[in-house]
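Trainee: structure, please.
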Amino acid sequence: MTAVIIAQSALLLGSVLLTDKWVQANIDLPQSLMDKLFILELSTALSVVTLTAMVFYLASRRYNDALEQTNEQLEDEVNRQVTIGLQKRNALIHGLAKLADYRDTDTGDHLDRIGHYAWVIAKRLQIENPEVTDEWIDRLVLASSLHDIGKVGIPDAVLLKPGKLTPEERAIMEKHTLIGGETMLSIRNKFGSDEFLDMGIEIALQHHEKYDGSGYPFGLEGDNIALSARIVALADVYDALTTARVYKDAMSHQKAMEIIFEGRGSHFDPDIVDAFKATQNTFDHIREESHGSHTLKRADIESAARMFMQENNSLYTLRNAA
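Mentor: Next comes the predicted model:
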């Protein structure tokens, strides 16, 4: 636009000068009138240039506004598609993690409780820890569901044994951390680094590490254990203590609290135990709500399956009718 205006200005100025020279050479007019005519020609040229610049400016503003609006719409659509894709991914991951969890729990609600417990602790830690952002907590809640995904590789004879494990069986059981970590590392190697996958790997590998270095599989200690894994470690132990399994009865909230307090500084990060202590009533409420309302029986599963098929048959009939 600048080049066009410069070219137009030069052309109009040249025309004015040539016209003035021609008039002086061919028309006998008083000098005062010649000066007025020159000023009129120059003013007209200046007006044309100014009008052209204004038109270009307004057109440019309109174009930029339209371009900005289009870019905003495209950005909103991209964000919407990314959000939908992440929601689908997260739902699928959580569903697959629940499928693995069914191997040694009755309902798969263990993962929901772990996520709730981890969220409660993280929100408490967020007050004084800048690392714990809302986005970090969202990743933690989902990634926590992957902590025991490696148990799919543990034989039922060990995983579901009702009695105490032998040292050999214990060694097999402890491999679930490495199996889970290796599984997600293979996904990471395939698709590249991802904050969610990185956290899931940390949790799967390290949620049985202990603050004093006596845990497994690597014997990490203190802050060398990822914060996400330290949080899930406490949440997992609390849920394991207060939930019935084929090999044990559920423990009371009070007794589980006492055991966790005893593990402060040895098994668990002291700061995380303090966060648990401050929120223990919320833990108890989540435990009571989950165990009281999430018992899924075979009849419930069959009923849900029939309802799903009926809904889809109805949709099939409507499509055919249309």
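Trainee: quick one: residue 269 from residue 185, how far?
Mentor: Residue 269 sits at a distance of 25 Å from residue 185 (criterion: Cβ to Cβ, to the nearest Å). Every C-beta, even on glycine, is put in place using the N, C-alpha and C of the backbone.
Trainee: let me redo that: residue 153
Mentor: In terms of Cβ to Cβ, residue 153 sits 14 Å off from residue 185.
Trainee: can you check residue 162 too?
Mentor: 33 Å.
Trainee: tell me which of those two has more neighbours.
Mentor: Higher neighbour count among residue 162 and residue 185: residue 185, with 17 against 8, using other Cβ atoms under 10 Å.
Trainee: mind listing the helices for the stretch 1-150 of the chain?
Mentor: 2-26, 31-101, 109-126, 134-143 (DSSP state H, counting those that start in this stretch).
Trainee: deepest of those helices, which one?
Mentor: Stretch with highest mean neighbour count among these: helix 109-126 (a mean of 22; mean count of other Cβ atoms under 10 Å).
Trainee: contacts for that one, please.
Mentor: Helix 109-126 has contacts (Cβ atoms under 8 Å, 6 or more residues apart in numbering) with 94, 97-98, 101, 132-133, 136-137, 140-142, 144-145, 147, 231-232, 234-236, 238-239, 243, 271-272, 275-276, 278-279, 282-283, 286-287, 290, 294, 296.
Trainee: just want the angle from it to helix 31-101.
Mentor: 130 degrees (axes from the mean of the first three to the mean of the last three Cα atoms, to 10 degrees).
Trainee: can you dump the C-alpha coordinates of helix 109-126 into PDB?
Mentor: Only the C-alpha atoms of helix 109-126 are listed here, as PDB (Å, rounded to 0.1, in the frame of the first residue of the first chain):
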ATOM      1  CA  ASP A 109     -13.300 -48.200  42.300                       C
ATOM      2  CA  HIS A 110      -9.800 -48.400  43.800                       C
ATOM      3  CA  LEU A 111      -8.500 -46.100  41.100                       C
ATOM      4  CA  ASP A 112     -11.300 -43.600  41.600                       C
ATOM      5  CA  ARG A 113     -10.500 -43.400  45.300                       C
ATOM      6  CA  ILE A 114      -6.700 -43.200  44.600                       C
ATOM      7  CA  GLY A 115      -7.400 -40.200  42.300                       C
ATOM      8  CA  HIS A 116      -9.600 -38.500  44.900                       C
ATOM      9  CA  TYR A 117      -7.100 -39.100  47.700                       C
ATOM     10  CA  ALA A 118      -4.200 -37.800  45.500                       C
ATOM     11  CA  TRP A 119      -6.300 -34.700  44.600                       C
ATOM     12  CA  VAL A 120      -7.000 -33.900  48.200                       C
ATOM     13  CA  ILE A 121      -3.300 -34.100  49.200                       C
ATOM     14  CA  ALA A 122      -2.100 -32.200  46.200                       C
ATOM     15  CA  LYS A 123      -4.600 -29.400  46.800                       C
ATOM     16  CA  ARG A 124      -3.300 -29.100  50.300                       C
ATOM     17  CA  LEU A 125       0.300 -29.000  49.200                       C
ATOM     18  CA  GLN A 126      -0.500 -26.500  46.500                       C
END
